[in-house]
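> okay, structure incoming, though there's no sequence with it:
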């Protein structure tokens, strides 16, 4: 039985005492009151909030091993991704000083301003190049090693990267820091691809959406931790900044200690290793029940699905606009400017007129807002839908980027304008997290058939990492050239994204893949029947190609599985 269920006394009666997010009028939900302004399903039964009663059966699905697997997996994976997004922000001044000192010892003169800016931009953005490499190599690795063992082996990258970056000052080599950022990026690319696969395959389908939010929340916690450890009293000073990179080994070691005691993905054991007994035991461990025959049958049904390659997906006319929408959404996800805020928070707050002594503490508020917004988005996405949250999020970002530009430009004209700038930054982060922060990945999973999803996620991941690289590399130059008007660039991106999504994106909440395909059919200029025939044709070609590859490799004495 679920530990969460037992903690709730088996009935979750305590939930009725909590403030109800869908019942703002009274703040609490009790008795027989019904709020007409809330969702139609919001009523009370037996004195307990109906909204929270809906969570009660879900609590049974959280077995002890499932909780441990999700926390350990996210702590050693998505947590480190969020941590490394923000970790270079606090010690920026000291790292640049280290670059200058190393350069002067080596060449007899300091770095000129343009070269230093370029070197720093590379330091920030090269993390994304490693991420792209990691995302590309994940598919064959998870197929060969399995999901759990991929996460375990991936910690080698984290430990190597931590040692390179933590020892760079001692060795007097800034190249070690650059190399460490690349290696850490590879770890992030692998973990952000392998972890969602592992979690989705070990969890009951009733809570896969909630479990998916664990990844997003741990990214936010990672960002917060980097900002906390970056305070001057801890590691954010001239002498201890390398320790910020050294602590990366801690989550990795914790994951290495815990994961070996947990089962491998039952889908991998059943479909790849043909280990029915092992798969049954894994299902029983993660689901917390003895009868897992239904789950075994559902997994076996996927055995004959033939994967579509990237090229085959791009040539498929029936998903043309779905691919375009994924590319635009993922590009806007990164180019909307949020990562620029994470990478360069200190310099942005400095431009806003905040005292350098106060900046580290003000920065903590940004990640706090992100965590709260991410949790709220997880609660709202299944009620409000993807479309309003995504379009509304980008729309609000346009508004607050415009206000931020005005407040930064006129900050010397009124004492309160710097505080308005801080508010705008917090509002931009909240606007991002309520919609654009997680929904693009949800859409990628909802737009495509199971046979098309690996190729679709590879396309989305490539766009994601390349866009991330572009922001990290170019933002310092954009900021230097446009100064306080630099955020208008991001406002234009958000406006373009919101406009495109308003005219093209259908609502996908509670819709089947066929219903979503039908919504795109007119733009793709195909009928639903034509889409089905195209899908069958694509899978047939994929099957024939895989059989040809299998026959060819048998002649060489080995079998290779690949996706173009």
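It's in. Since the model is a prediction, treat every value here as computed from it, not as a measurement. Residues are numbered from 1 along each chain as shown.
> C-alpha only now, for contacts and for neighbours.
OK.
> how about residue 409: what's its closest non-neighbour residue?
For residue 409, ignoring the flanking residues on the chain, the nearest one in space by CA to CA, 6 or more residues apart in numbering is residue 484 at 5.7 Å.
> wait, a helix at the one you found?
Yes: according to DSSP: H, G, I helix; E, B strand; the rest coil, residue 484 belongs to a helix.
> residue 403 is in contact with that one, correct?
No: using CA atoms under 8 Å as the test, residue 484 is too far from residue 403 to be in contact (11.2 Å).
> can you pull the contacts of the residue nearest to residue 409?
Shown in contact with residue 484 (CA atoms under 8 Å, 6 or more residues apart in numbering): 405, 408-409.
> the longest helix anywhere in the chain packs against which elements?
Secondary structure assigned by DSSP state H gives helix 113-145 as the longest helix of the chain. The contact analysis (3 or more CA pairs under 8 Å, 6 or more residues apart in numbering; DSSP states H and E) places helix 113-145 against helix 92-107, helix 147-166, helix 174-202, helix 453-482.
> 7 Å instead?
Counting contacts by 3 or more CA pairs under 7 Å, 6 or more residues apart in numbering; DSSP states H and E, helix 113-145 packs against helix 174-202, helix 453-482.
> and among those, the most buried is which?
Using mean count of other CA atoms under 10 Å, the stretch among the helices and strands packed on helix 113-145 with the largest mean neighbour count is helix 174-202, at a mean of 24.
> tell me the mean pLDDT over stretch 229-245?
The average of the pLDDT scores along stretch 229-245 is 93.
> buried ones in that stretch?
Buried residues in stretch 229-245, counted by 16 or more other CA atoms under 10 Å: 229-232, 235-237, 240-245.
> for the residue nearest the centre of the chain, what is the enclosing helix or strand?
Taking CA atoms, centre = their mean as the criterion, residue 216 is the residue nearest the geometric centre of the chain, at 5.3 Å. Taking DSSP states H and E as the definition, residue 216 sits inside helix 208-229.
> next SSE downstream of that helix?
For helix 208-229, the succeeding helix or strand toward the C-terminus, using DSSP H and E, is helix 243-246.
> how far out from the middle of the chain is that next one?
Per CA atoms, centre = their mean, to the nearest Å, the displacement of helix 243-246 from the mean C-alpha position of its chain is 23 Å.
> low pLDDT regions in the stretch 1-150 of the chain?
Within the stretch 1-150 of the chain, the set of residues satisfying pLDDT under 70 comprises 1-62.
> give me the residues contacting stretch 431-440.
Outside stretch 431-440, the residues within contact range by CA atoms under 7 Å, 6 or more residues apart in numbering are 329-330, 333, 370, 373-374, 377, 386, 389-390, 393-394, 396-397.
> contacts only, for the nearest residue to residue 367 once chain neighbours are set aside.
Distances taken as CA to CA, 6+ apart place residue 224 nearest to residue 367, at 5.1 Å, with adjacent residues excluded. Shown in contact with residue 224 (CA under 7 Å, 6+ apart): 364, 367-368.
> picking up where we left off before, out of the helices and strands packed on helix 113-145, which gets the lowest mean score?
Ranked on mean pLDDT, the bottom entry among the helices and strands packed on helix 113-145 is helix 453-482, at a mean of 85.
> that one packs against which elements?
Here helix 453-482 touches helix 113-145, helix 320-335, helix 338-343, helix 439-447, going by 3+ CA pairs under 7 Å, 6+ apart.
> make JSON lines from those helices and add distance to residue 493 to it.
Rendered in JSON lines, the data for these read as follows (distance: least, CA to CA, whole Å):
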{"stretch": "helix 113-145", "distance to residue 493": "19"}
{"stretch": "helix 320-335", "distance to residue 493": "6"}
{"stretch": "helix 338-343", "distance to residue 493": "12"}
{"stretch": "helix 439-447", "distance to residue 493": "15"}
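> so can I have JSON lines of these showing mean neighbour count?
As requested, the helices and strands packed on helix 453-482 are exported to JSON lines (neighbours: other CA atoms under 10 Å):
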{"stretch": "helix 113-145", "mean neighbour count": "20"}
{"stretch": "helix 320-335", "mean neighbour count": "22"}
{"stretch": "helix 338-343", "mean neighbour count": "22"}
{"stretch": "helix 439-447", "mean neighbour count": "20"}
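> can you say which of the ones you listed is nearest to residue 500?
Set against residue 500 and scored by CA to CA, these come closest in helix 320-335, at 8.5 Å.
> any idea of the mean pLDDT in that closest one?
Helix 320-335 comes out with an average pLDDT of 92.
> cool, stretch 255-273 as well?
For stretch 255-273, mean pLDDT is 90.
> what about residue 144, distance to residue 150?
The span separating residue 144 from residue 150 equals 9 Å under the rule CA to CA, to the nearest Å.
> do the same with residue 219
Shown here: residue 219 relative to residue 150, a distance of 19 Å by CA to CA.
> neighbour count winner among these two?
A direct count of neighbours by other CA atoms under 10 Å for residue 219 and residue 150 places residue 219 higher, at 27 against 20.
> now do the contacts for that one.
So residue 219 contacts 78-79, 81-82 (CA under 7 Å, 6+ apart).
> try 10 Å this time
Contacts here follow CA atoms under 10 Å, 6 or more residues apart in numbering; on that basis residue 219 touches 74-75, 77-85, 213, 225, 367, 370-371, 374.
> in ChimeraX, select just the buried ones from the residues you listed.
The ChimeraX selection below is limited to those of the contacts of residue 219 classed as buried (16+ other CA under 10 Å):
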select :74,75,77,78,79,80,81,82,83,84,85,213,225,367,370,371,374
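> keep only those of the contacts of residue 219 that are in helices.
74-75, 78-85, 213, 225, 367, 370-371, 374.
> which among the residues you listed gets closest to residue 262?
The nearest member of the ones in helices among the contacts of residue 219 to residue 262, counting by CA to CA, is residue 74 at 14.2 Å.
> please tell me how far that closest one sits from residue 80.
Noted for residue 74: a distance of 9 Å to residue 80, by CA to CA.
> residue 451 against residue 308, yeah?
Yes: the pair formed by residue 451 and residue 308 meets the contact definition of CA atoms under 10 Å, at 5.7 Å.
> which one's more surrounded, these two?
It is residue 308, of residue 451 and residue 308, that has more neighbours when counted by other CA under 10 Å, with 26 against 20.
> distance of the more buried one relative to residue 316?
In this structure, residue 308 and residue 316 are 10 Å apart, going by CA to CA.
> repeat for residue 243
50 Å.
> what do you get for residue 468?
Applying CA to CA, one obtains 27 Å for the distance of residue 468 from residue 316.
> do the same with residue 414
From residue 414 over to residue 316 the distance is 57 Å, taken as CA to CA.
> and residue 235, by the same measure?
From residue 235 to residue 316 the distance is 52 Å (CA to CA).
> what's the pLDDT at residue 529?
Listed pLDDT for residue 529 reads 57.
> leaving out the residues flanking it, which one is nearest to residue 123?
Here the nearest residue to residue 123 in space, its sequence neighbours aside, is residue 178; by CA to CA, 6+ apart that works out to 5.7 Å.
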